[in-house]
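S.K.: can you look at this prediction? I've put the sequence above it.
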2 protein chains.
Amino acid sequence: MTDKDNSVNLKSDGAKAAGAYHHGDLRAAVIAAGLARLQSGDDGELGLRALARDVGVSATALYRHFPDKEALLDALADEGLRRLGALQAQAWLKAGGGIAGFKATGAAYVRFAHDEPALFRLSFTRQMPDRKEGGDGGEVAYNLLRAGVGEALPGVKDPDVAALHAWSLVHGLAMLILDRRIDWDEALVDRVVGLTFGGVD
Amino acid sequence: MTDKDNSVNLKSDGAKAAGAYHHGDLRAAVIAAGLARLQSGDDGELGLRALARDVGVSATALYRHFPDKEALLDALADEGLRRLGALQAQAWLKAGGGIAGFKATGAAYVRFAHDEPALFRLSFTRQMPDRKEGGDGGEVAYNLLRAGVGEALPGVKDPDVAALHAWSLVHGLAMLILDRRIDWDEALVDRVVGLTFGGVD
DNA sequence: GTCATATGTTGTCACTGTAAACATAACGAG
DNA sequence: CTCGTTATGTTTACAGTGACAACATATGAC
């Protein structure tokens, strides 16, 4: 039952984490190597052999911690969502909440996609299986979105539609930038985001 | 110079097309087979060998028509963009232009993504090289977008921002549906699209 | 210490994209 | 028509991939 706990747990709560036999904590090391590989170089070459070599271990050793490559990518994607959520929460707090905070979370979403294109793409381009039990890293981001809609646009008729609208806007903007359909222009992004998030016409 | 003309040209203008030696028109046949494979089955298994077998030809024969697999996928992506543009133009005309037409093009964009998920993803998830000379299939769609902004929202302050806003919205909505972040709900899509495209609050 | 088990290694297999060498069919020139 | 040039397609082969089976080793419980 190696694949029971599917959470990343990069920074465990002092308990020395679970499983530290030969390597220390291979699972976390592999994920860290994967993230490093995703950050440096836009191509993002992550194969099992290369990844294992980064950690200094044989390729098939990874199969003791992930059932297959897809599971490894899932873990990386989950970590990406977790980081995105953290950045958005930070932006929200820094702006002091309210409408300004809501706009800041939207801008942070797009900026994250621009700063870590490979990780962002991996995180979202992954088909979600019905309901994954452990490790839904996007939870923070989604809760922030709903909270932002509620606080920033209190009088809106349909919060569901408004939330989906806001999410679609920033997600589409991020994707179009990632795929080079449009150029990265922070000021332009702010204006586009403000068009919906701020309610300004 | 096999890779000079990079356009699809599935339906040539009667001139029997260029190049019909052994097979008839392998290039078009391969692209047709690829599109068929993208439509049936969400996984979208397209490898050179499988694709060649569909056409009844050896795998390496494809290299006489495409420099590598990437070029083949580029051609498929371009055909996808062309079809999307055609559907949007059709929706625009059917709605009679104006604001209603603009909304219709947005809805058609999302509907296309839902109807042909693999083709849509392939078409947009492809990195654009600086400026591709031949075969920019997305031209129709983009021109429609700008025209729609101009006609449907004549008094808008900044057409560039408004166009990008509209594009981002439908693109993000499409992507979120494709990646199963949200469920397909045509009525919901219409309302979200109308929120921006129609100017309704 | 003994042993069950978690972890890591070696060897191998089917598969992939792709290149080189070879074969064939179409067309133009004489 | 014949001949050679060129466009097209085939065979073979090679390096790389994800994944499995068999084997080896370290760890912790008893």
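M.R.: Structure received. Numbers count the residues shown, from 1 in each chain, chains lettered A, B, ... in the order given.
S.K.: which residues touch the nearest residue to residue A:163 once chain neighbours are set aside?
M.R.: Residue nearest to residue A:163 in three dimensions, not counting chain neighbours: residue A:149, with 4.6 Å by Cβ to Cβ, 6 or more residues apart in numbering or on different chains. Glycine gets a C-beta too; all of them are placed from N, C-alpha and C. Counting by Cβ atoms under 8 Å, 6 or more residues apart in numbering or on different chains, residue A:149 touches A:102, A:156, A:159, A:162-163, A:166.
S.K.: residue A:149: which element?
M.R.: Assigning secondary structure by DSSP states H and E places residue A:149 in helix A:139-152.
S.K.: now the closest residue to chain B within chain A: closest residue in space that isn't a chain neighbour?
M.R.: Residue nearest to chain B within chain A (Cβ to the nearest Cβ): residue A:172, separated by 2.7 Å. Leaving aside its chain neighbours, residue A:172 sits nearest to residue B:172 (2.7 Å; criterion: Cβ to Cβ, 6+ apart).
S.K.: quick check: the one you found vs DNA strand C, distance?
M.R.: Residue B:172 sits 30 Å away from DNA strand C, going by Cβ to the nearest atom of the strand, to the nearest Å.
S.K.: who are the packing partners of the host helix or strand of that residue?
M.R.: Using DSSP H and E, residue B:172 maps to helix B:159-178. Helix B:159-178 sits against helix A:159-178, helix A:186-197, helix B:98-115, helix B:117-124, helix B:139-152, helix B:186-197, with contacts defined as 3 or more Cβ pairs under 8 Å, 6 or more residues apart in numbering or on different chains; DSSP states H and E.
S.K.: pull out the buried positions in that helix.
M.R.: B:161-178 (16 or more other Cβ atoms under 10 Å in any protein chain shown).
S.K.: what's the angle from that helix to helix B:139-152?
M.R.: Relative orientation of helix B:159-178 versus helix B:139-152 (axes from the mean of the first three to the mean of the last three Cα atoms, to 10 degrees): 120 degrees.
S.K.: mean confidence score for helix B:159-178?
M.R.: The average of the pLDDT scores along helix B:159-178 is 94.
S.K.: okay, the residue nearest to residue A:158 when sequence neighbours are not counted: pLDDT?
M.R.: Leaving aside its sequence neighbours, residue A:158 sits nearest to residue B:191 (Cβ to Cβ, 6+ apart; 7.4 Å). If you check residue B:191, the pLDDT there is 93.
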